[in-house]
Every structure is written in structure tokens, then in C-alpha cells.
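**Student:** Provided below are the primary sequence and the corresponding predicted coordinates.
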There are 2 protein chains.
Amino acid sequence: MIKCETIDEMRKAISAFRREKPDGVVGFVPTMGYLHEGHASLMKRSATECDLTVLSIFVNPLQFGPNEDFDRYPRDPERDMALAKANDVDIVFMPSVQEMYPRPIKTKVLVEGITSRLCGASRPGHFDGVGTVVSKLFHIVSPDRAYFGMKDAQQVAVITKMTEDLNLPVSIIPCETIRESDGLALSSRNVYLSEEERKQAVILSQALDAASELLKLEDMTADRLVSELHRIVKQAELAVIDYIDVLLFPDLTEPDGQMDLSKSEDQLIVAMAVRFGKTRLIDNRLFSRKEVACHV
Amino acid sequence: MIKCETIDEMRKAISAFRREKPDGVVGFVPTMGYLHEGHASLMKRSATECDLTVLSIFVNPLQFGPNEDFDRYPRDPERDMALAKANDVDIVFMPSVQEMYPRPIKTKVLVEGITSRLCGASRPGHFDGVGTVVSKLFHIVSPDRAYFGMKDAQQVAVITKMTEDLNLPVSIIPCETIRESDGLALSSRNVYLSEEERKQAVILSQALDAASELLKLEDMTADRLVSELHRIVKQAELAVIDYIDVLLFPDLTEPDGQMDLSKSEDQLIVAMAVRFGKTRLIDNRLFSRKEVACHV
């Protein structure tokens, strides 16, 4: 396994691979590090499907708001390197902030519409930062396939749209959310939770399970579903709801609030962001036609 | 010479070249067609410096404002093909609007700051359209070098900044403006001019020559230079000034209006946009330290 800390090293490593294997497929797993089994599942899939797997570890300041957790975002490069090696990663790209942003960046890659709801609404500018850094990383690594976890469903929608709109020569591969045994979606931010918060945090996945049942009921509208889910999440007394929303996927537009969702032909996403103390957790689930949970 | 009308054809042609010549250098000349000697100079330079030259011809609707000349922008594909062939172009990429924008585009690539002055101010959204289409074209053609004329100096500044900020693996090569024998900068839009307008249009390059002399004077400030140039351009009675500006290049920020420019250490750009009837012409000149005109 090679570790590249500069853009130049990274480009040379990819060129060398392409020269050796002109038909080789390069898989890419962009992350902010502090890797967990969710990331491991992406690395494993890339290693299975591609001839070379590149993992990037970069906590991108551009996608954090001024009052967010950039400085205290958890980091553990040594453990990350071990996990990367154990999951058959070939190259780890771990640039510094100075390497990625040597001077103030004036260029923004932004996706309109799709970013106005959910985390785009509660974290203004977040997805501009995501689009910009992912497009930089794609230009540096030039992968054929890039793997993203569906826990960040809006991120997947934004990056897929950006890739199509800008003709980036990369296939975006959405991968299933990995969960703890009680259902909590894996996240690097779970480490922030106190013991009691961790216990109560299971309410997110429980609410999504409930949504699956509620969507089987006739006359279930988006408005009613959202209000039922509010009621359920509030049962966890430490939970402070940021948003709970039901939208069409992947356009992230609103369904008619009064429409009977059991009759909907569209793919729906039920998504939520909930705070426990200082920690903001997100989770979501896709539902295709006839309320069958869709595991992407 | 090959002509590609689809993105897929274009990508296959480049892949075939790369496979055959892994060390080959691909040069790219993006244009809106209706080619003239200015474009020819870019094609010639690419053909000299690169192993493969790609010319794109695409009148990009995204960079025209609602009241601008998209519909009447001059087009002559047959003459363009002949000129491309005569200048050793290997591949002409000539996609339809439908091919480039099969559905409404939601992604924008924009460069802040540098686009707030000059044509960015008089043509709102213009450079967002330029940045977006150039980044699409770069992703489709994947050139090593891209050639742009300095007549569109702000475009060169914007694309250079975008390329650096987003780590696009392309070298941007600015090329000298080509002029008629009387000094008028070549432009596809010159064809719009009536005989009398064409005669008077020489005032732009005459004003830039005058700027060169004025900059040799001691105590010449940006404010004074701009007002002298206004006086000169107004001598052409059909001229309606859109802007005349003196800025630092390539950041396109304002110098201190009261500073003695003959003492300036910075590279300056004197740039103007002037209307003759319905036709808007632009021209500019760079001046490096000590008032020596800098031919990029």
C-alpha cells in the first residue's frame, strides 16, 4: 500500500498504474477519515470490482460551517492506515489543507435545487464545499468508479447530478448504509455521543422502520408521515429534531403533501437530522413504489 | 480529420489516440465557430506544440444573456471545417445543444471576485456559463493543453483560476490577439458591423495605443487614464462606451485610483467594451512594469 501526501505523488502513482494497465479500472473511496465499518464496506467493494483502489482521507474545511465541528472532527490517521491496508486499499491519498488549498479558493462547483432541502437547508454552503472538493479529488485521482455511502443520500444525489451535468468521466456507485446491531447508522460522529445519548440515538433507525410500516397504510400522506415521525423521534427525550422530511429521490423535490403515498409511482426518501447534545446525526431510507424498502 | 458530433464518439477518439501514443500530448482549441485568423493562430500553435489537436465548435447558450445575440450569432460550419483542415486540426468536436445539455443543467462552475468587473459586470452570468461549459469540454476532451486568445483576457483569467482551483490536469496557454491591418482585433462579431461602424471601430485599438503612451507620463493615475481614454473613444461618434477600465492582471482588482501607475510593480490590463449599433466589441492590452506593452 502506497501513501501519497501530495497531488503530484498521487498523479504519478495513477499514471504509473495506467501505463502498466491501460485497461485497468481505478476505484475511489473519498472519506474524511476516522474510518469505520461503513467505509470498510466501500473499500471492500472497490477492491472487489476494480483493479486499483484509492482511498482519500481529507477533512475538508470548505464543507464545514463557521460554527460546526471542523476543529474537533475526530482524526486517527494510524488506525485509518491499518484499516485501509486490511481492506485491500492500494493507495491512500492524505493531503494537508495547505496542499489542497494553497491559496484562497475562488472557484465553486454548486448544484442548484437539489441542495435547497434537508442538510442543504440546515447547513448553508455545505454542499458547495462537497461539490468543490469532490470535483478537485476527481481531477487529481481520475478514477473510473467512485463509491459513496447512502447514509449521506443527499450527497450521493448531489455528486451524481454534478457528475452527469459536468460530464465527469466517473461512475458514481451508491452503497448501502452500514448499521450497528441495534440499527444506528455508522458515523464517525457517533464517537461524540455520551452513553445515554448513544442509547437514545437508536430512535432514528426505529423511526425509519416505523416509516416503512406507516407507508403501508392507505391514505398515508407526506404531511401525516412527517408528523407521525416527529412524534416517534420525540419519544427519545434527548433528541432535538433538526429536520424530518419526505421527498422524491433523487431530485429531492416535495411530493404533494396531501397525496396518498401508497399510490405514488416515485421513489421516496424519508430523511432526518437529529441532535443529541452537540452531536448532529443523520439517517434516511429509500422507498420504491408499493412501500418496499429499497436497499441501494 | 475526424468530425465527432457526440460525446461518446469524442471520448472514443481520444481513448484510441491515448492507447496508441501513451506519451502523446493533446492540444485543445475551444471555440464558438465562425472561425477567423485569430482562431487559426490558436490551431496552428496547438498543431505545432501537440501530437493531436482537437477543435470544438459549440455556440454555448449558457453564456448568453436573455437579450444577447445567441440566436443570431454567426454560424458557418462548412467554412469552419475547411479552415480547421487547413490548420492541421485532427478532430473537430461539434456537438448539438441537445448533446451538451440533454436536460436542464443544475450544476454551475463559478469563479468569484475575478468575474465582478469588466464583462462580468455588464454580462451577468456570462462567466458562470463559460466556466461550466469549459469544464464540461475539458472532461469530454481531456486535453493536456488548451489554447485561448487574449482578446478575451477576462475569460483567460477566469479559466486559468478555475483550472488551478479545481486541479484540472490541463495547461492553459494564453495566445496573442490577432488584428486587422488597421488594428481592429479579430472577432466573429465584426461581421455585424456596417461599413461606417467598421471604420470607426478602429478607435478601440487606437485608444489602447494611446494608453501605452499615456502610461509613460509621470503622475498618470488609473482615474486620469480612464477619463483620457473615454475622451479618445468618444471621438468616434457611433461609439457607445460600455466600460473602460484599468485593473491589475490577472486578479482583476482595482489599483489605487490615485496611484502613479508609472511606479506600479504590477501587471496592468487596460480593457474596454464599446458598442457600435447592436454590436458590442471588446479589446484590451496588458502592460507590465515600466509601461512596456506585454505581448502574452
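**Tutor:** Received, thanks.

**Student:** flag every residue of the stretch 151-296 of chain A that's near chain B.
**Tutor:** For the stretch 151-296 of chain A, the residues in contact with chain B under the definition Cβ under 8 Å from any Cβ of the partner chain are A:161-162, A:165-169. No exception for glycine: its C-beta is placed from N, CA and C like everyone else's.

**Student:** go through the residues you listed and flag which are in strands.
**Tutor:** Counting by DSSP state E, none of the members of these fall within strands.

**Student:** relative to residue B:78, which of these is nearest.
**Tutor:** Distance to residue B:78 across these (Cβ to Cβ) is lowest for residue A:167, with 27.1 Å.

**Student:** hang on, residue A:65 in a helix?
**Tutor:** No. According to DSSP: H, G, I helix; E, B strand; the rest coil, the state of residue A:65 is coil, so it is not within a helix.

**Student:** tell me the contacts of it?
**Tutor:** Contacts for residue A:65 were tallied using Cβ atoms under 8 Å, 6 or more residues apart in numbering or on different chains; they are A:123-126.

**Student:** of these, which is the nearest to chain B?
**Tutor:** Taking Cβ to the nearest Cβ as the measure, chain B lies nearest residue A:125 of the contacts of residue A:65, at 12.7 Å.

**Student:** tell me the phi and psi of residue A:32?
**Tutor:** phi -100, psi 20 (degrees, to the nearest 10).

**Student:** tell me the confidence at it?
**Tutor:** Reading off the confidence values, residue A:32 has pLDDT 98.

**Student:** how about it, nearest residue that isn't a chain neighbour?
**Tutor:** Distances taken as Cβ to Cβ, 6 or more residues apart in numbering or on different chains put residue A:59 closest to residue A:32, at 4.8 Å, once the chain neighbours are dropped.

**Student:** three-state assignment of the one you found?
**Tutor:** Recorded secondary structure, residue A:59: coil (three-state DSSP).

**Student:** surely it is in contact with residue A:73?
**Tutor:** Yes. Counting by Cβ atoms under 8 Å, residue A:59 sits close enough to residue A:73 to count as a contact (5.2 Å).

**Student:** among the residues of the stretch 151-296 of chain A next to chain B, which one has the most neighbours?
**Tutor:** residue A:162 (26 neighbours; other Cβ atoms under 10 Å in any protein chain shown).

**Student:** quick one: terminal-to-terminal distance for stretch A:66-83?
**Tutor:** Distance between the boundary residues of stretch A:66-83 (Cα to Cα, to the nearest Å) amounts to 31 Å.

**Student:** so which bits of that stretch are buried?
**Tutor:** Neighbour-count burial for stretch A:66-83 flags A:73, A:80-81, A:83 (criterion: 16 or more other Cβ atoms under 10 Å in any protein chain shown).

**Student:** tell me how far that stretch lies from the chain's centre.
**Tutor:** Shown here is stretch A:66-83, whose average C-alpha point lies 16 Å from the average C-alpha point of the whole chain (Cα atoms, centre = their mean, to the nearest Å).

**Student:** for the residue positioned nearest the centre of chain A, which non-adjacent residue is closest in space?
**Tutor:** In chain A, the residue lying closest to the centroid (Cα atoms, centre = their mean) is residue A:152, at 2.7 Å. Setting aside the residues directly before and after it, residue A:152 is nearest to residue A:282 in space (Cβ to Cβ, 6+ apart), at 7.4 Å.

**Student:** distance of that neighbour from residue A:245?
**Tutor:** Noted for residue A:282: a distance of 11 Å to residue A:245, by Cβ to Cβ, to the nearest Å.

**Student:** residues shared between the contacts of these two?
**Tutor:** Between them, residue A:282 and residue A:245 share the neighbouring residues A:271-272, with contact defined by Cβ under 8 Å, 6+ apart.

**Student:** one step back: which one of the buried residues of stretch A:66-83 is nearest residue A:201?
**Tutor:** Here the nearest of the buried residues of stretch A:66-83 to residue A:201, counting by Cβ to Cβ, is residue A:73; it sits at 18.2 Å.

**Student:** so the closest one sits against residue A:188, correct?
**Tutor:** Yes. Counting by Cβ under 8 Å, residue A:73 touches residue A:188, with 7.4 Å between them.

**Student:** re earlier: mind checking which of the buried residues of stretch A:66-83 are in helices?
**Tutor:** Among these, the members falling in helices are A:80-81, A:83 (criterion: DSSP state H).

**Student:** assign residue A:12 to helix, strand or coil.
**Tutor:** helix.

**Student:** please apply the same query to the one 5 residues further on.
**Tutor:** Secondary structure state of residue A:17, per three-state DSSP, is helix.

**Student:** and residue A:283, its phi and psi?
**Tutor:** Recorded main-chain torsions at residue A:283 are phi -160, psi 160, according to degrees, to the nearest 10.

**Student:** right, and it touches residue A:204 too?
**Tutor:** Yes. Between residue A:283 and residue A:204 there is a contact at 4.1 Å, judged by Cβ under 8 Å.

**Student:** between the two, what contacts are shared?
**Tutor:** A:185, A:272.

**Student:** those two: who's more crowded?
**Tutor:** residue A:204 (26 against 23).

**Student:** thinking the more buried one is in contact with residue A:274, fair?
**Tutor:** Yes. Between residue A:204 and residue A:274 there is a contact under Cβ under 8 Å: 5.9 Å.

**Student:** name the residues contacting each of those two.
**Tutor:** With contacts defined as Cβ under 8 Å, 6+ apart, the residues shared by residue A:204 and residue A:274 are A:233, A:281-282.

**Student:** the residue nearest to residue A:152 against residue A:269, yeah?
**Tutor:** No. Checked against Cβ under 8 Å, the pair residue A:282 and residue A:269 is beyond contact range at 11.7 Å.

**Student:** near chain B, which residues of the stretch 1-150 of chain A?
**Tutor:** Contact residues of the stretch 1-150 of chain A with respect to chain B, defined by Cβ under 8 Å from any Cβ, are listed as A:7, A:11, A:19, A:22, A:105-114, A:131-132, A:135-136, A:139-140, A:142.

**Student:** residue A:121 in helix, strand or coil?
**Tutor:** Applying three-state DSSP: residue A:121 is helix.

**Student:** okay, the residue nearest to the centre of chain A: pLDDT?
**Tutor:** On pLDDT, residue A:152 comes in at 97.

**Student:** and it, how close does it get to chain B?
**Tutor:** Computed as Cβ to the nearest Cβ, to the nearest Å, the residue A:152 to chain B distance reads 18 Å.

**Student:** now residue A:233: how far from chain B?
**Tutor:** To chain B, residue A:233 is 31 Å away according to Cβ to the nearest Cβ.

**Student:** tell me who's in contact with that residue.
**Tutor:** For residue A:233, the contacting residues are A:203-204, A:207, A:239, A:241, A:244, A:272, A:274, taking Cβ under 8 Å, 6+ apart as the criterion.

**Student:** endpoints of stretch A:109-118, how far apart?
**Tutor:** 19 Å.

**Student:** off-centre distance for that stretch?
**Tutor:** Average the C-alpha atoms of stretch A:109-118, do the same for its chain, and the two points are 15 Å apart (Cα atoms, centre = their mean).

**Student:** of all the residues in it, which ones are buried?
**Tutor:** Of the residues in stretch A:109-118, those buried under the neighbour-count criterion (16+ other Cβ under 10 Å) are A:109-111, A:114-115, A:117-118.

**Student:** in strands only, show me these.
**Tutor:** Members of the buried residues of stretch A:109-118 lying in strands (criterion: DSSP E): A:109-111.

**Student:** redo those as a markdown table? Include pLDDT.
**Tutor:** Formatted as a markdown table, those follow (pLDDT from 0 to 100):
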| residue | pLDDT |
| --- | --- |
| A:109 | 98 |
| A:110 | 96 |
| A:111 | 97 |
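
**Student:** contact partners for the residue nearest to residue A:32?
**Tutor:** With contact taken as Cβ under 8 Å, 6+ apart, residue A:59 is in contact with A:32-33, A:70, A:73, A:75.

**Student:** closest one to residue A:221 out of those residues, please.
**Tutor:** Set against residue A:221, the nearest of the contacts of residue A:59 by Cβ to Cβ is residue A:32 (36.9 Å).

**Student:** all good on my end, thank you.
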